[in-house]
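[1] Here is a sequence with its predicted model. Questions after.
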Amino acid sequence: QVHLVESGGGLVQPGGSLRLSCAVSGIDLNEYSFGWFRQAPGKEREGIACISSKGERDGGPFYRESVEGRFTISRDNAKNMIHLQMNNLKPEDTAVYYCAADSGIAASWDYWGQGTQVTVSS
């Protein structure tokens, strides 16, 4: 059975940092691309960062413009972990953050985590 479990969310002041982690089990990370998504209250879920199974060899990782330069996605296939380092956080970054895995076979992401809340407020 496949599990993606996010952790590392919390309350942080504007300008602060958080590191989200996604523990993956039940699949071979080498065969999957991974993404981080977020959903703020009253808004649609949006993709903010993704890293393919090739890592940097395909020109990635890729970021939504609103987070580029502040967020960094990384993967540690040996430890079955995906991370999202978030720096210089802004109130508009407040959302539930989700990790997702994509095999590239189906038209949609294959697996999702349950999400972790990030709140940026003074």
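    Received the coordinates, thanks. Numbers count the residues shown, from 1 in each chain.
[2] other SSEs contacting the helix or strand hosting Thr72?
    Taking DSSP states H and E as the criterion, the element that holds Thr72 is strand 71-76. Where contact means 3 or more Cβ pairs under 8 Å, 6 or more residues apart in numbering; DSSP states H and E, strand 71-76 is packed against strand 33-39, strand 46-51, strand 81-86. All C-beta atoms are positioned from the backbone trio N, CA, C, and that covers glycine.
[3] Go again with 7 Å.
    If contacts are counted by 3 or more Cβ pairs under 7 Å, 6 or more residues apart in numbering; DSSP states H and E, strand 71-76 sits against strand 46-51, strand 81-86.
[4] Would you mind giving those strands as JSON lines with mean pLDDT added?
    Shown next, in JSON lines, are those (pLDDT from 0 to 100):
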{"stretch": "strand 46-51", "mean pLDDT": "96"}
{"stretch": "strand 81-86", "mean pLDDT": "98"}
